[in-house]
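J.: Sequence and predicted structure are below.
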Amino acid sequence: MSEDGGPAGASNPPRDRSVQRRVGVFGTWSPLLKQGPALLAFLLANAVVLSPVGVRTDWTLVAAADAIVVLATVFAAVLPRLRIAAGWELAIPIATFAAVALLRTGTGGQASPFGALLVIPLVWIASEPGVRNVLIASAGVAVTISLPFVMGVSSVENAADIVRLMYTPVAFTIAAVLINHIARLVDRRIERLEETTAKGERLVASLEVLNSEARTRERKTRKANQLLDEVWNAISGHAIIGTDVSGRITVWNPGAESLLGYSSAEVIGQMQITDLHLASEIREELRLLTTGDAGGSGTDFEGLVRTARGGFRDVRDWTYLRRDGSEFPAQVSIAQRFNEDGDTSGFIFVATDETDAREIERLKDEFAGLISHELRTPLSSILGYVELLSDDDDQPLSTQQSRYIEVVDRNARRLLKLVGDLLFTAQVGSGRFTIETDPVMVGQLLEAAAESAYPAADAAGVELRTVISDSTVLVDADSTRLGQAVDNLLSNAIKFTPRGGSVALELAADGDEVRISVTDTGYGIASHELHRLSERFFRATTATKHAVPGVGLGLTITKAIVTAHGGRIDISSTLGAGTTMAIALPRFHRGSSDGKGASDIADVGTVGADTVG
């Protein structure tokens, strides 16, 4: 609480000037307390007068002086309770001046021993601010000194009396000036002290509020940390791994310890995140970085975080390595971490064991394969009867019936192709996909593929051209499956190229490698989506934006076929400029083993989730 009874730290209203003046040299004394010295001095004076000392006394004047002091004391006692101007307080020392003047006159005038009592009202009045109070104090002294001469009690007998009569008021006036100045200085210091005290009280109050808020925040922080620890320790089915910007592991949750077999002490600050990944997969991703439109730094870590570093959502499948060397498929979500300045401080990897999910996918693929196989029989029957109806010369169809039959035939063939694609992907997923290889002349295969694609290119208004540097180049391949892969690339290129664009089918041989490239001037593909192109049913943003038809199986099938032949797919693309997809296969040399026979490709069972290129 402050002095005026208000709450600590509260802003004090400006005080009335008269109230301020009651501070001064007398501090915060009440008028009665200030009047106390005068009353005590008069009591002592009366005791002296009544004593046998033998002071000459005019009892009428002494009684009048005593009465004035008593009345002034009573007024001082009741003044705080009266609703009158604070300036009335000066009436008390003025009355005291009058009482001292009467007492001095009644006890010998110039020879009175009580002249020193005028100091008491002088100090009181002179300590009040302003020159006016100095003048009042000086006037009081002059009246007190001159009253005995005026009333004839004292007389001027020599030059010393004249000097005393004139010099005494001057001396007391000088004293009044000094007292007034000192009081003003003291008053200013008191005001500054009050201001400092008020500021200190406000500061203390503010500190108390801040301390209370800090304690509240501390409690909330402790609760949040406790909750975070509980959640952190409860996540046992997911590995949460944090790294710095260079890939060094800095965060390792209990789920990571459970899934991967390493303790936090073994990995934090000791291992790179790339140590947990299958090296071949990272090399595949790095190859995409160096052949894609954006390039790459070439570091293993960059191969993992390039998409996330660009601010895009990155959730894909990787193969993780446990401490004992065993592998397991994991779905990994990668996101950036930021510091207080908004700069990248590292990355967070959230990995989930997909072993059970892969088994479920395999069973689903087997089921899809079974259903697809069962659907092919009735579809083949439908197409057969449609063909019979169309070729029946005995009962020719009307024009309208022929259109109906054409619609049935077209949609049945489209459905048969879709069922075939589903069956193929199911065979790949379940590990039952096989190819029959023979030496194949790639130039002839590409010319046949181009010839089949010309009608679609003409209908789309796209120029299709072929560039075959060496028509005698051979590869050891399944001509049907390889032709299917090339057909898929051509079909995609034509669909993704607007009218007026072009598609180029090229064949080039470089040493022991044969490259079949399909380059278009179409819409292009965003760099952060390249690694997802071989996922089943995935469609690039540009495909949905431009309403390009398809179900997202073409590249999945193509990747599986190419992988089965021991080759790879390289993809580079620039949004708005076009895309190049190249199949790289080992070259077949005459005189080597003819390579005929069935090749079981059980290890491409997860191709739908692998990264292209």
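T.: Sure thing, it's come through.

J.: Who are the packing partners of the top strand by length along the chain?
T.: The residue-count maximum for a strand in the chain (DSSP state E) belongs to strand 327-338. Under the contact criterion of 3 or more Cβ pairs under 8 Å, 6 or more residues apart in numbering; DSSP states H and E, the helices and strands touching strand 327-338 comprise helix 300-309, strand 314-321, strand 344-353, helix 355-391. C-betas here are computed from N, CA, C, even on glycine.

J.: one more time with 6 Å, if that's ok
T.: Applying 3 or more Cβ pairs under 6 Å, 6 or more residues apart in numbering; DSSP states H and E, we find strand 327-338 packed against helix 300-309, strand 314-321, strand 344-353.

J.: and of those, who's closest to residue 91?
T.: Within the helices and strands packed on strand 327-338, the stretch nearest residue 91 is strand 344-353; the backing value is 78.3 Å (Cβ to Cβ).

J.: I'd like the distance from the closest one to the chain centre, please.
T.: Here the centre of mass of C-alpha atoms in strand 344-353, compared against the chain's by Cα atoms, centre = their mean, to the nearest Å, lies 18 Å away.

J.: Sheet partners, orientation included, of it?
T.: Pairing partners of strand 344-353, with direction, according to DSSP bridges: strand 238-243 (antiparallel), strand 327-338 (antiparallel).

J.: got a markdown table for those, with distance to residue 403 and mean neighbour count too?
T.: As requested, the strands paired with strand 344-353 are exported to a markdown table (distance: least, Cβ to Cβ, whole Å; neighbours: other Cβ atoms under 10 Å):
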| stretch | distance to residue 403 | mean neighbour count |
| --- | --- | --- |
| strand 238-243 | 57 | 22 |
| strand 327-338 | 49 | 17 |
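
J.: give me the low-pLDDT residue ranges for the stretch 251-400 of the chain?
T.: 288-298, 362-377, 393-394 (pLDDT under 70).

J.: I'd like the next helix or strand past the host helix or strand of residue 78.
T.: Taking DSSP states H and E as the criterion, the element that holds residue 78 is helix 59-78. Remark: after helix 59-78, the chain's next helix or strand is helix 91-106, criterion DSSP H and E.

J.: what separates residue 106 from residue 141, distance-wise?
T.: Separation of residue 106 from residue 141 (Cβ to Cβ, to the nearest Å): 18 Å.

J.: How about residue 72?
T.: In this structure, residue 72 and residue 141 are 18 Å apart, going by Cβ to Cβ.

J.: Of those two, which one has the most company?
T.: residue 141 (27 against 23; other Cβ atoms under 10 Å).

J.: helix or strand for the more buried one, which one?
T.: Secondary structure from DSSP H and E places residue 141 in helix 131-150.

J.: Next: residue 555.
T.: Residue 555 is located in helix 554-564, with elements delineated by DSSP H and E.

J.: Quick check: next helix or strand after that helix?
T.: Beyond helix 554-564 on the C-terminal side, the first helix or strand identified by DSSP H and E is strand 568-574.

J.: Please name every helix or strand in contact with that next one.
T.: Applying 3+ Cβ pairs under 6 Å, 6+ apart, we find strand 568-574 packed against strand 578-586.

J.: Check which residues of the strand it packs on are buried.
T.: Residues of strand 578-586 classed as buried under the neighbour-count rule (16 or more other Cβ atoms under 10 Å) are 578-585.

J.: Likewise for stretch 242-251?
T.: Within stretch 242-251, the residues that qualify as buried by neighbour count (16+ other Cβ under 10 Å) are 242-244, 247-251.

J.: Distance to residue 117 and secondary structure for the residues you listed - can I get that in TSV?
T.: Compiled in TSV, the buried residues of stretch 242-251 are given as follows (distance: Cβ to Cβ, whole Å; DSSP: H, G, I helix; E, B strand; the rest coil):
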residue	distance to residue 117	secondary structure
242	89	strand
243	92	strand
244	88	coil
247	96	coil
248	92	strand
249	93	strand
250	87	strand
251	88	strand
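
J.: want to throw those into CSV with distance to residue 436?
T.: As requested, the buried residues of stretch 242-251 are arranged in CSV below (distance: Cβ to Cβ, whole Å):
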residue, distance to residue 436
242, 49
243, 46
244, 51
247, 44
248, 49
249, 47
250, 52
251, 51
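
J.: Out of those residues, which two sit at the greatest distance?
T.: Across these, the longest distance by Cβ to Cβ is 12.6 Å; it joins 247 and 251.
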